[in-house]
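> From the sequence below, what's the structure:
(chains A and B)
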Amino acid sequence: MNVKKILVVDDDVDILNAMSTILKSEGYYVITANNKKEALKLAQDVIPHLAILDVMMTTHYEGFELAEDLINDPVCKNIPILMHTSIEVLSTSEASVMDMAREFRQDPKYRELQVILLKNIHSGKAGIDYRTEDGKAVWVPVSGFLKKPMDPKKLIEEVKSLISK
Amino acid sequence: MAKITEPNNLANKDFNKLSQKHLFELYEQMFGEVGTVNVLQKTSEVVSQVLNAERATIFIAIKETQELKSVAFIGNVSQSIIIPINNESLAGYCAKAKRSFVVPDAYGDLKYIDPGIKFDKSWDEINNFRTRDVICIPAIFKGEVMGIVQAINSKGNPFHESDITPLENISQFIAYALYHARLYDELATLKGLEKEKAEFMRVLVHELRSPVATSKMLISTILFTMKEDPQITPALNKIGNRMDQLLVLVEDILHMSRIKSGNPLGDINIFDLVVETKSTFEKYIEEAGAKGLILKIELPDNPVQVRIDIHGYRLILSNLISNGVKYTSTGSVVVSLGQNNNWAILKIKDTGMGIPKNDIPNLFTEFFRATNARKSKIMGTGVGLAGVKELVTRFGGILELNTEENKGSEFIVRLPLFSK
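Residues are numbered from 1 along each chain as shown, chains lettered A, B, ... in the order given. So this is what the prediction gives:
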């Protein structure tokens, strides 16, 4: 089948509808989910070419947890993940974004931050370093970030570049 | 508690005989604590030990409510005591009259001290205690009663008038300790409030931002998918622009509250301002071009190194350039960077509307906008320059302004150069 499938996860129905409308108008097949559990099951069944995830859903970091689940799932581990968020993304030219995130964590002014989003300006490699409620620091590599409020042209641009990879 | 080395039976003794070492031990105990409760506890321990009294209570005066507050420790259990400053209790009277006195028996005749004075038996009744002799001294600092030092039931001879002067001497130091304890508590409260405020702003901004952001996204979705309509499309575009402005306002308020919180905004390090200035400048080329303005940059060949919060510098620069572009309808905006002696000098000069003389004193106040800017219908929040000023000052810099109405403005930022 030639049609590319995209999974969009958000607890806001308006956002799901808007994204679906835009993506469908570009010829993509869109499936949607409202929460982590539903999304994981859909992803395993459908194996989309891309997943676009909101962060704050029922729980604070549900989107991050879902990304982690997808990466650790043998079937879903290769699905590119685009995080849809209003959190500011820090950029770095350091080759390893994860090492850079760890370095940021050593810095007193970032140590208190719950979430660090990082993107390498050259390679486009990206990831999330966030603290769970019990204080554990978790690293989740993702494929990119989409800044809220989403701009349709940017969305299409990101989607095209991630799916062609 | 460190053991005091002098004999304990000091009631009725000459306090002047307390050795230097002994006094230092006392002071160390009184000043070694922070926060009212700890200081009250420690000083009362010291006083009861020095006076060899069954109990000693130190009260702190609360100006706002005209009350005395103390904490009594019975074993490990603390009990809060609050009494009004009036004649209804010995300590209350002592604070009101600013007067030291000794009472041989609290249940006896007190009229000779003052006809209106009463002894408050409630504490005795609750704790099954019998108060006999009492010495009460106001702890005064800069003429203000900071608290009351009260000792009850001497274990040696009953308290005597001759105990007053030496205890007054010690009470002066207790007054310092109480003054500091109060300051500490006030600061701790302020710090807590500041944190709460920052958290409140964070939540508020998030709550405001998210519905606007979603609405903006819906508008862009409609615009993206619908066929252009001469009547609807321009209106939708306008709604979208208004929402962008609202999002900027919300971000500005968040930035300002972040600046005000005193926390770093980004990486604090030694940066080459040439690189930073160039990259921030480039973001405005398109906007200035669209207005038909000449946007120029003049950079030195050598690096200009300054130790600064990099996000803070970007905010300073982007606010000043965007103001220049925003408030200039024809002509140019010129950004120049240089160094002179120990200063990095950044200038942003425009040929815009300028700032009326009368508005200059208030220009850097939050939410203030110059009268001509308000009339111009150019959107603004009046937050930007207040933030710029705050940031420049924080990094030891100086912000200068040359302006003339209808001719233009020049903002000059001087920042101390980094020297090894």
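
> So what touches stretch B:265-281?
When contacts are defined by C-beta atoms under 8 Å, 6 or more residues apart in numbering or on different chains, stretch B:265-281 is touched by residues A:107, A:109, B:255, B:258-259, B:295, B:297, B:299-300, B:302-315, B:317-318, B:321, B:335, B:337, B:344, B:346, B:415, B:418. In this view, the C-beta of every residue, glycine as well, is placed from N, C-alpha and C.

> Would you indicate which residues of that stretch are buried?
Using 16 or more other C-beta atoms under 10 Å in any protein chain shown as the test for burial, stretch B:265-281 gives B:Leu265, B:Gly266, B:Asp267, B:Ile268, B:Phe271, B:Leu273, B:Val274, B:Glu276, B:Thr277, B:Thr280, B:Phe281.

> Tell me which of the contacts of stretch B:265-281 fall in strands.
Cross-referencing the contacts of stretch B:265-281 against strands under DSSP state E gives B:Leu295, B:Ile297, B:Gln305, B:Val306, B:Arg307, B:Ile308, B:Asp309, B:Val335, B:Leu337, B:Ala344, B:Leu346, B:Leu415.

> Which entries within these meet the buried criterion?
By 16+ other C-beta under 10 Å, the ones in strands among the contacts of stretch B:265-281 give B:Leu295, B:Ile297, B:Gln305, B:Val306, B:Ile308, B:Asp309, B:Val335, B:Leu337, B:Ala344, B:Leu346, B:Leu415 as buried.

> Give me the spatial nearest neighbour of the fifth one, chain neighbours excluded.
Across the structure, with C-beta to C-beta, 6 or more residues apart in numbering or on different chains as the measure, the residue nearest B:Ile308 apart from its sequence neighbours is B:Phe395 (5.3 Å).

> Nearest residue to B:Ile135 in space, ignoring adjacent ones along the chain?
Excluding the flanking residues, the one nearest B:Ile135 by C-beta to C-beta, 6+ apart is B:Phe159, at 4.2 Å.

> and the buried residues of stretch B:265-281, which two are the farthest apart?
The most widely separated members of the buried residues of stretch B:265-281 are B:Ile268 and B:Phe281, with 22.1 Å between them, by C-beta to C-beta.

> related to what we said a few turns ago, dump the ones in strands among the contacts of stretch B:265-281 to CSV, plus pLDDT.
Formatted as CSV, those follow (pLDDT from 0 to 100):
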residue, pLDDT
B:Leu295, 94
B:Ile297, 95
B:Gln305, 93
B:Val306, 93
B:Arg307, 90
B:Ile308, 88
B:Asp309, 85
B:Val335, 96
B:Leu337, 97
B:Ala344, 96
B:Leu346, 97
B:Leu415, 95
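
> nearest to chain A, of those residues?
Distance to chain A, by C-beta to the nearest C-beta, is smallest for B:Asp309 among those, at 9.0 Å.

> how near is that closest one to B:Asn87?
Distance, B:Asp309 to B:Asn87, by C-beta to C-beta, to the nearest Å: 58 Å.

> How about B:Gly108?
17 Å.

> ok, and what's touching stretch B:112-120?
For stretch B:112-120, the surrounding residues in contact (C-beta under 8 Å, 6+ apart) are B:83, B:87-90, B:92-93, B:97, B:101, B:103, B:106-107, B:110-111, B:131.

> do stretch B:243-258 as well
A:149, B:197-198, B:201-202, B:205, B:208-209, B:212-213, B:215-216, B:219, B:265, B:315, B:366, B:379, B:381, B:383-384, B:386-387.

> Likewise for stretch B:327-342?
Residues from elsewhere that reach stretch B:327-342 (C-beta under 8 Å, 6+ apart): B:273-274, B:277, B:281, B:284, B:288, B:291-300, B:304, B:317, B:321, B:324-325, B:344-353, B:373, B:376, B:378, B:408-409, B:416-417, B:419.

> before we move on, back to that, which of the contacts of stretch B:112-120 fall in strands?
Counting by DSSP E, these place B:Ile83, B:Phe101, B:Val103 in strands.

> For the second one, list the residues it contacts.
This means B:Phe101. By C-beta under 8 Å, 6+ apart, the contact set of B:Phe101 is B:Cys94, B:Ile113, B:Ile135, B:Cys136, B:Ile164.

> and which of the residues you listed is nearest to chain A?
Chain A lies nearest to B:Cys94 out of the contacts of B:Phe101, by C-beta to the nearest C-beta, at 47.1 Å.

> for the closest one, what are its contacts?
Taking C-beta under 8 Å, 6+ apart as the criterion, B:Cys94 is in contact with B:Ser100, B:Phe101, B:Cys136, B:Ile137, B:Pro138, B:Ile148, B:Gln150.
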